[in-house]
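Visitor: I'd like to go over a predicted model; first the sequence, then the structure.
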Amino acid sequence: MLGKRTGWKLVSVLFLTGCASGPAWFPKGWETVPQASVVGDYCVHVGCAAKPSVTNIRVSGNRLFNGSKPLTPAFAAIDSYDVSLDRKEIVFSAKRTNNFDVGLVSIDGSDIHWIPEDPADEVSVQWAPRGNKVSYILETATGSIVRTVHIPTGTPLSVDLPRTQLDALGWEPQAERFTLVIESPDASQHLVSMTYAGEQRQELVASSDWLAVSLDPIGGVLVMRPNEMRYNEKLPLVIWLDPKPFAWSDARAALMRSSRVAIAIAPGVDDRFINAIRNVPWIDSNRTYIVDPTNRQADIGATIIATDPRLPLHHYTRHGNTVRVRPAVVQSFAAAFIADDLKGTPPPNGRR
């Protein structure tokens, strides 16, 4: 949830025309940014273990079935499942209450055995080749964790990947190593291989794009800024609301390259962050922007860039301190708009 009004000075922006009451045009070049490459099918780069074909196990109504036989009750949601034919057992990730937990159930039906739960979501479950280990991903407030559990003994082993988003995991056939597709706010997708203990790491596919930035947690929020700060420099603050704060963003990369700004990346911010950021000497709280694709509209004395799906192509509206564009272009528009506003460039259709 977003913070209360703080009394920050309203940033008087708009590179675009005054207080427009109807849609107005903006440059078409603001609708795109350079795109980083993605890893794609990572099994092309490494020999992934083959998965057994089990067609009778299925999900319907958020419960697992073997053919027509229900194996679990209905849950709020099921994220993933995997079948071990050797053990005749299914591992699955299901939302019981507020988060996803990992459980085990027999192919023929049995009581569910839950792996000791974690407050974070436990998703993307799978059996390792040769059957006795399961792996899954924990999506925590500080990044991703890969957890492997030896089922006969219940012994867990965790590999911490702080400030990263883990997009995919695949086991190699020997079950001693896995490959991970990883991204982070400062590096686009890349492919790494390591033992299931997190050792002997090898980069198989490098990031196609990266940023020379520092990532600092401030008030519970990850803040990205230039690596090298100038003497007595104060950076404008961009609060970029994103449900996946550890993901790479082409638009944020474009903004960081064109402007000296600090970007706070989070699903939402609260008073803890607002109070903490006001005490950071290199933040200029009088120049603040919020990129808010979710339209939650916090009033903290900032320029808000939000969305309106009804707008025609290449157009925006402005009402008060809120600028709206089509959802498909809000991020690229925000990167270009903020960069241009900080330069104070005269617009093609009038000054502020």
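Guide: Yes, it's here. Numbers count the residues shown, from 1 in each chain.
Visitor: now do the strands in the stretch 201-350 of the chain.
Guide: Under the criterion DSSP state E, counting those that start in this stretch, strands of the stretch 201-350 of the chain are mapped to 202-205, 213-218, 221-226, 235-241, 262-266, 283-291, 303-307, 315-319, 322-325.
Visitor: so can I have a markdown table of those showing mean pLDDT?
Guide: As requested, the strands of the stretch 201-350 of the chain are arranged in a markdown table below (pLDDT from 0 to 100):
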| stretch | mean pLDDT |
| --- | --- |
| strand 202-205 | 94 |
| strand 213-218 | 95 |
| strand 221-226 | 96 |
| strand 235-241 | 96 |
| strand 262-266 | 97 |
| strand 283-291 | 92 |
| strand 303-307 | 94 |
| strand 315-319 | 92 |
| strand 322-325 | 93 |
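Visitor: can you put those strands in CSV and add distance to Asn98 and mean neighbour count?
Guide: Where C-beta positions appear, they are placed from N, C-alpha and C, glycine not excepted. Output for these, formatted as CSV (distance: least, C-beta to C-beta, whole Å; neighbours: other C-beta atoms under 10 Å):
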stretch, distance to Asn98, mean neighbour count
strand 202-205, 36, 14
strand 213-218, 24, 15
strand 221-226, 21, 22
strand 235-241, 21, 24
strand 262-266, 19, 23
strand 283-291, 27, 21
strand 303-307, 28, 22
strand 315-319, 36, 17
strand 322-325, 32, 23
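Visitor: could I get the ones you listed as JSON lines with distance to Val105?
Guide: Shown next, in JSON lines, are these (distance: least, C-beta to C-beta, whole Å):
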{"stretch": "strand 202-205", "distance to Val105": "35"}
{"stretch": "strand 213-218", "distance to Val105": "39"}
{"stretch": "strand 221-226", "distance to Val105": "37"}
{"stretch": "strand 235-241", "distance to Val105": "38"}
{"stretch": "strand 262-266", "distance to Val105": "36"}
{"stretch": "strand 283-291", "distance to Val105": "43"}
{"stretch": "strand 303-307", "distance to Val105": "42"}
{"stretch": "strand 315-319", "distance to Val105": "52"}
{"stretch": "strand 322-325", "distance to Val105": "47"}
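Visitor: hmm, Pro293 is touching Ala328, no?
Guide: No: under the criterion of C-beta atoms under 8 Å, Pro293 is not in contact with Ala328, lying 10.2 Å apart.
Visitor: tell me the SS of Ala168?
Guide: Three-state assignment for Ala168 (DSSP: H, G, I helix; E, B strand; the rest coil): strand.
Visitor: the spatially most central residue of the chain: what's it in contact with?
Guide: The residue lying closest to the centre of the chain (C-alpha atoms, centre = their mean) is Lys244, at 2.0 Å. When contacts are counted by C-beta atoms under 8 Å, 6 or more residues apart in numbering, Lys244 touches Gln165.
Visitor: Pro293 and Ala328: which is more packed in?
Guide: Pro293 (17 against 12; other C-beta atoms under 10 Å).
Visitor: what's the burial count for Asp111?
Guide: Asp111, neighbours per other C-beta under 10 Å, totals 9.
Visitor: got it, and Pro119?
Guide: 10.
Visitor: how much space separates the residue lying closest to it once chain neighbours are set aside from Ala77?
Guide: The shortest distance from Pro119 to any non-neighbouring residue, by C-beta to C-beta, 6 or more residues apart in numbering, is to Asn99 (6.9 Å). Distance, Asn99 to Ala77, by C-beta to C-beta, to the nearest Å: 10 Å.
Visitor: ok, now Gly22?
Guide: 42 Å.
Visitor: which strands and helices sit next to the helix ranked longest in the chain?
Guide: Longest helix of the chain, by residue count under DSSP state H: helix 330-343. Applying 3 or more C-beta pairs under 8 Å, 6 or more residues apart in numbering; DSSP states H and E, one finds that helix 330-343 contacts strand 235-241, helix 250-258, strand 283-291, strand 303-307.
Visitor: CSV for those, including distance to Gly143?
Guide: Listed next are the helices and strands packed on helix 330-343 as CSV, based on distance: least, C-beta to C-beta, whole Å:
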stretch, distance to Gly143
strand 235-241, 17
helix 250-258, 17
strand 283-291, 22
strand 303-307, 27
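Visitor: among these, which is nearest Gly103?
Guide: strand 235-241 (32.9 Å; C-beta to C-beta).
Visitor: Gly320: how many residues sit nearby?
Guide: Using other C-beta under 10 Å, Gly320 has 10 other residues around it.
Visitor: give me the below-cutoff pLDDT ranges for this structure.
Guide: Along the chain, the parts satisfying pLDDT under 70 run over 1-21, 131, 296-300, 345-352.
Visitor: repeat the analysis, applying 50 as the threshold.
Guide: Low-confidence segments of the chain, defined by pLDDT under 50: 1-20, 345-352.
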